[in-house]
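Novice: need coordinates for the below:
(one chain, ligands or ions: 1)
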Amino acid sequence: MSTSLTLDEIAGLLQRRGAAQYGREAVSQLDHALQCAHLAEQAGETPATVAAALLHDLGHLLAAERQQAPEPDDRRDDLHQYIALPFLRHLFDEAVLAPIRLHVDAKRYLCQAEPGYFDTLSPASVHSLALQGGAFNEQEARAFLHQPFAAEAVRLRRYDDLAKVAGQPTPELGHYLPVLAQAARQA
Ligand SMILES: [Fe+2]
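Specialist: Sure, this is the predicted structure:
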C-alpha cells in the first residue's frame with residue numbers, strides 16, 4: 001500500500017480491517033467509526049468534520065495492515081492519531097486532518113477543562129490517557145485551544161467517547177463515502 005490512499009482504498013481498509021475489536025471496547029473498529037460519524041452528522045457537523053469522525057482512528061487500522069502492531073500492546077502509546085496523516089494529506093486539508101491529529105489532545109484538554117469529564121471515560125480510555133501523558137495542566141490546556149480546529153477536535157472527542165455502544169444502529173459505510181468525497185473536493 002502506498003502512502004497516498006485513494007477514497008476506494010480508505011473504504012477497503014475500513015471494510016477489511018474494520019471487523020477487528022476497537023481496543024478493549026465492546027464494538028468493532030468499523031462500528032466505532034460509523035457511530036462516531038453518525039453522531040457528528042446528527043449534530044449537523046460539516047462534511048470535513050464528519051469525515052474526520054469517520055477516519056479519526058484509521059491509524060489503528062493502518063498499523064494492523066502494516067503489521068507494525070500484530071498484537072495490540074497496551075503498555076505503550078501507539079500514537080495512532082499521527083499514523084494516518086501521511087496517508088490522507090493529499091486528499092484532505094486541515095479541516096479534516098487537524099481534528100484527527102488533535103483528538104487525543106482533546107481528551108487531555110477536557111480532563112483539565114471540564115470537571116466530571118474524566119469520570120465519563122471508559123476504562124480503556126482511562127488506561128490510554130495515562131500512556132498519552134494524562135490531563136493537560138492549565139497552561140497546556142490554553143495552548144491547546146489556540147490551535148486551529150481545536151473546537152472541532154473537542155466535539156469529535158465527545159462523539160468518539162459516545163461511539164462505543166454495542167449494537168447501536170448506524171448508516172452503512174456506503175452512506176459516508178460521498179461525504180468523504182465531498183470533504184476531499186473541498187480540500
Ligand atoms: Fe476513537
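Novice: quick check: residues of the protein near the ion?
Specialist: 57, 160 (C-beta under 5 Å from the ion). Backbone N, C-alpha and C define where each C-beta goes, glycine included.
Novice: quick check: which ranges of the chain have low pLDDT?
Specialist: For the chain, the stretches flagged by pLDDT under 70 are 1-2, 68-73, 187.
Novice: and the helices in it?
Specialist: Per DSSP state H, the chain carries helices over the ranges 7-17, 29-42, 47-55, 58-65, 80-83, 85-88, 94-113, 117-120, 123-131, 138-145, 150-162, 173-186.
Novice: how about the longest one: buried residues?
Specialist: Translated: helix 94-113. For helix 94-113, the buried set under the neighbour-count rule, 16 or more other C-beta atoms under 10 Å, comprises 95-113.
Novice: ok, now how distant is Ala130 from Tyr22?
Specialist: According to C-beta to C-beta, to the nearest Å, Ala130 and Tyr22 sit 19 Å apart.
Novice: no, scratch that, I was asking about Phe92
Specialist: According to C-beta to C-beta, Phe92 and Tyr22 sit 22 Å apart.
Novice: quick one, what contacts the residue nearest to the spatial centre of the chain?
Specialist: Centroid-nearest residue in the chain: His56, 2.2 Å away (criterion: C-alpha atoms, centre = their mean). Neighbour list for His56: 33, 36, 81, 99-100, 103, 156, 160 [criterion: C-beta atoms under 8 Å, 6 or more residues apart in numbering].
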